[in-house]
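1. Next comes the sequence, and after it the predicted model I'd like to discuss.
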Amino acid sequence: MDPAAARIREAMQAVSLLRQSRLANPDLHAASLEVKRFQALRFTATYADLLDSHRYQRAAHFFLNELYGDKDYAQRDQQFSRIANTIARLFPKAVVETAAALAEVHALTEALDDRMARQWLLDRAGGLAGRYLRCWRAVDDIAARRRQLQLVLHLGQELDHLTHRRGLRSLLKMMRTPAAAAGLSALQDFLEAGFESFAQMQGATEFLKVVETRESALIDSLFNDDAVACETFLLQLLARTAPH
């Protein structure tokens, strides 16, 4: 098996096991959805400026929808897992590497969200911000959080590299029919959306640097800062997303 295809299959198997475990436990499934919704709101507030920026809004929305949101990725995951080898045969190597990077981000994110959800069931006190902070600290894995961020940045770099490959936009459009025939329509949609989002920026260095700086600061704060100050900060973030 192609190494990238093997990475995709391993990551998707891990995601599948986590999903099956949650579906077998309705309370855990509901807790997972609550955690994901909170994180989507947090991302929306943290990057409100980028989401409104003419240059960066498409890339920011892409990250929110594909990496930090509460979207149901089951269809895409099933396609990834079922035909990892087909991905390697059908798409160019650079595209396959991007798919593998996505799979690895997704697997680690699901693992961390699953651990958060299990803590969420044990901690039902207070408001959402305080509950989220306590669960974050109970999971207590700063190395995994930093690894998750590095994988997100790597995926962004891979998408940026794709935009510099001559003729790839035309090639991706030509791949729509064979991708659909192979059962890869969800992956095709992801690749096209990612390509177009990053191509619009005409260089992702500044965008990825903003993500790295803000996420690193958040990780350090949630682990190390005073709990009351952290909870207040999270509440202030959430207030930015509240309807006026």
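-> Structure's in. What do you need?
2. Check the model's average confidence along the longest helix anywhere in the chain for me.
-> Determined from DSSP state H, the single longest helix within the chain is helix 93-122. For helix 93-122, the mean pLDDT works out to 91.
3. Thr163: how many residues sit nearby?
-> Neighbour count for Thr163, taken as other Cβ atoms under 10 Å: 19. The C-beta positions use only the backbone N, C-alpha and C, and glycine is treated the same way.
4. That one contacts Ser197, correct?
-> No - applying Cβ atoms under 8 Å as the test, Thr163 and Ser197 come out as separate, 9.3 Å apart.
5. The spatially most central residue of the chain in helix, strand or coil?
-> Nearest to the mean C-alpha position of the chain, counting by Cα atoms, centre = their mean, stands Leu67 at 1.8 Å. What DSSP: H, G, I helix; E, B strand; the rest coil gives for Leu67 is helix.
6. if I look at it, how far off is Ala125?
-> 30 Å (Cβ to Cβ, to the nearest Å).
7. Do a quick rundown of the helices in this protein.
-> Under the criterion DSSP H, the chain contains helices at 3-23, 26-46, 48-51, 57-63, 74-82, 84-90, 93-122, 128-139, 142-163, 168-174, 176-181, 185-201, 205-224, 227-241.
8. Export the third one to CSV, keeping only CA atoms.
-> Output for helix 48-51, consisting of C-alpha atoms alone and laid out as CSV, is shown next (Å, rounded to 0.1, in the frame of the first residue of the first chain):
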residue,chain,number,x,y,z
ALA,A,48,-13.9,37.1,13.5
ASP,A,49,-11.5,39.6,11.8
LEU,A,50,-10.3,36.9,9.3
LEU,A,51,-13.8,35.7,8.7
